[in-house]
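A.B. asks: Sharing a sequence plus its predicted fold:
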Amino acid sequence: MQQIFIDKFIIPKNAKQEFTERMNFNRDFIKNLPGFLGDIAYEREDENGNTICITVATWENEDALSQAKTAVQAEYQRINFDPAELLSRLNITMERDTYQPAGN
């Protein structure tokens with residue numbers, strides 16, 4: 001069954017450029033992983049000038065998603081990137097969860 005990996009970020013105005021660069025790096029990286037079916041990102045600005053960004057990545061199945069998570073973590077180690085540090089430093093909040101298509 002397909003796995004839909006959804007992240008929601010609340011990004012302060014002064015953090016948008018750095019966040020967007022990192023998000024684009026990640027999106028480009030996962031596109032080459034086995035089982036990746038597609039992704040899309042949405043954004044809007046809230047009443048306080050923050051950017052609300054939602055990213056949706058679709059994976060062939062649970063195994064493909066699990067392998068992708070492992071590959072992403074290995075890449076982060078290779079390039080010495082700490083996502084928790086980035087989110088904390090830029091005051092970005094994140095919600096993350098995995099979904100399956102409804103009705104299946």
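C.D. replies: Nice, I can see it.

A.B. asks: pLDDT score for K13?
C.D. replies: As predicted, K13 sits at a pLDDT of 94.

A.B. asks: Same question for the closest residue to it other than its chain neighbours, what's its three-state structure.
C.D. replies: Leaving aside its sequence neighbours, K13 sits nearest to G49 (CB to CB, 6 or more residues apart in numbering; 4.8 Å). Backbone N, C-alpha and C define where each C-beta goes, glycine included. Here G49 is coil, with the state taken from DSSP: H, G, I helix; E, B strand; the rest coil.

A.B. asks: What values do phi and psi take at G49?
C.D. replies: Backbone geometry at G49, expressed as degrees, to the nearest 10, gives phi 90, psi 0.

A.B. asks: Assess the claim that it and I11 are in contact.
C.D. replies: No: using CB atoms under 8 Å, G49 is not in contact with I11; the gap is 10.2 Å.

A.B. asks: Any stretches of this protein with poor pLDDT?
C.D. replies: Applying pLDDT under 70 to the chain flags the ranges 104.

A.B. asks: what ranges do the helices span in it?
C.D. replies: Along the chain, counting by DSSP state H, helices occupy 16-30, 62-79, 83-89.

A.B. asks: circling back: comparing G49 and I11, which residue is more hemmed in?
C.D. replies: Ranked by neighbour count (other CB atoms under 10 Å), G49 and I11 place I11 first, with 25 against 10.

A.B. asks: Which among the helices of the chain is found nearest to I6?
C.D. replies: Among these, helix 62-79 comes nearest to I6, with 11.8 Å by CB to CB.

A.B. asks: how many degrees apart are the closest one and helix 16-30 in direction?
C.D. replies: 120 degrees (axes from the mean of the first three to the mean of the last three CA atoms, to 10 degrees).

A.B. asks: Please compute how far helix 62-79 lies from its chain's middle.
C.D. replies: In terms of CA atoms, centre = their mean, to the nearest Å, the centre of helix 62-79 is set 12 Å apart from its chain centre.

A.B. asks: who does it touch, helix- and strand-wise?
C.D. replies: strand 3-11, helix 16-30 (3 or more CB pairs under 8 Å, 6 or more residues apart in numbering; DSSP states H and E).
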